[in-house]
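J.: What shape does this take:
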Amino acid sequence: MADAAGRKKKPSPQVVTAAVIERDGLVLIGKRKRGKRFAGNWEFPGGTLEKGETPEECLKRELREELDLDVEVGELFCSSTADYAPGWTVRLLAYRATVISGTFCLNDHEEIRWVRPAELAGYDFPDADRPVVEKLVSLSEEDTE
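T.: Residues are numbered from 1 along each chain as shown. Presented below is the predicted three-dimensional model:
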């Protein structure tokens, strides 16, 4: 599929996966590199589903490519849909994931941080990631009550 200018069109909705990786009450987020879409925004690591992949396979591949991590993908944490441009909608599937092995090499991010869920609202996330942030914040508030 191509648009009027001959550029390859992205399927809409574009399915993207993300990992909710938690350790010692903290959650892992990454800051997108300059020159990439949403540069400077924070995100939950993951990436775009390729043809023939399951979301779980996609997440494992993306975390290996982005951070040199091998993970075990757990249950679906939440999903969201965001419209970014006419004809471009992203459907985000966020899964809980556990790191099995790896080095946290920054191939796709400027920086990674482990942050308390209650602090996530202070970071700039793309629209598709915001429901994940809201759910993590809500769950952390329940834990402190």
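J.: If you count residues, where's the longest helix of the chain?
T.: If you go by DSSP state H, the chain has its longest helix at helix 130-144.
J.: who touches that one?
T.: With CB atoms under 8 Å, 6 or more residues apart in numbering as the test, helix 130-144 has contacts from 18, 20, 27, 44, 77-80, 92, 94, 116-118, 120-121, 123, 125. In this view, the C-beta of every residue, glycine as well, is placed from N, C-alpha and C.
J.: buried residues in the least confident helix or strand in the chain by mean pLDDT?
T.: In the chain, the helix or strand scored least confidently by mean pLDDT, DSSP states H and E is helix 130-144, which has a mean of 88. Using 16 or more other CB atoms under 10 Å as the test for burial, helix 130-144 gives 131-133, 135-137, 140.
J.: In CSV, list these along with distance to R34.
T.: Shown next, in CSV, are the buried residues of helix 130-144 (distance: CB to CB, whole Å):
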residue, distance to R34
P131, 26
V132, 23
V133, 23
K135, 29
L136, 26
V137, 28
S140, 31
